[in-house]
Each structure stands twice: as structure tokens, then as C-alpha cells.
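S.K.: got a sequence here, can you model it:
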Amino acid sequence: MDEKRELLRALPKIDEIVSHRAITECCAQYGRSLVVDTARAVIDGLRQEILAGGTPEVSMESAIRRISVAARRAAT
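M.R.: You can find the predicted model right below:
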């Protein structure tokens, strides 16, 4: 239970993600609304994985990679 709690606390905050340079570039390319919605979906997916017993990578860098890929897919 403590590991789950620690992983959940380690999830990057949406406002921190959106202010990251790589994500602001995605916002310029794909639109802020799409990128913010994608960021929320990615973080929610990580949260659900943790609650289901998984141990996903929850670093800012990992979240940004996932969001960038998902935003690119959603924009096409």
C-alpha cells in the first residue's frame, strides 16, 4: 500500500507538465486543448495502472514522452 501511495504522489502534476518546454512545443504544434486533454488521459492511465498493482515509470521525463507520442497520434 505504501508503494502505491508513493507512486501516486510521484505522478507529475498537470500544471507542471504543461509548463515544461517540450510540452509547450507540443501545444504550439497540436493545440493546447488537445495536449492538456492528452496529458490528463496519460496521467489518469498511469494512476489506474498503479491502483491495479502496476509499477509504471512515473518520472516527468517518462510522462512527457508518453504525452508527446499520444498527442502526435491524437492530432493525426
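
S.K.: which element is E16 on?
M.R.: helix 14-18 (DSSP states H and E).

S.K.: would you mark the buried spots in the longest helix anywhere in the chain?
M.R.: Longest helix of the chain, by residue count under DSSP state H: helix 32-51. Neighbour-count burial for helix 32-51 flags L34, V35, V36, T38, A39, V42, I43, L46, I50 (criterion: 16 or more other CB atoms under 10 Å). Every residue, glycine included, has its C-beta placed from N, CA and C.

S.K.: pLDDT added to those residues, as TSV?
M.R.: Shown next, in TSV, are those (pLDDT from 0 to 100):
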residue	pLDDT
L34	97
V35	97
V36	97
T38	97
A39	97
V42	97
I43	97
L46	97
I50	97
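
S.K.: what does the pLDDT read for R32?
M.R.: You'll see R32 listed with a pLDDT of 96.

S.K.: so what's it up against?
M.R.: V18 (CB atoms under 8 Å, 6 or more residues apart in numbering).

S.K.: distance of the closest residue to C27 other than its chain neighbours relative to P56?
M.R.: Using CB to CB, 6 or more residues apart in numbering and skipping residues adjacent in sequence, the residue nearest C27 is V35, 4.7 Å away. Distance of V35 to P56, given as CB to CB, to the nearest Å: 20 Å.

S.K.: and whatever helix or strand I67 lives in, average pLDDT?
M.R.: Per DSSP H and E, I67 falls inside helix 60-75. Mean pLDDT, helix 60-75: 96.

S.K.: please report phi then psi for A52.
M.R.: Backbone torsions of A52, given as degrees, to the nearest 10, read phi -80, psi 0.

S.K.: give me the pLDDT for it.
M.R.: 96.

S.K.: now do the contacts for T38.
M.R.: I67, A70, A71, A74.

S.K.: what about it, distance to S19?
M.R.: In terms of CB to CB, T38 sits 15 Å off from S19.

S.K.: kindly report the same for V69.
M.R.: From V69 over to S19 (counting by CB to CB), the distance is 19 Å.
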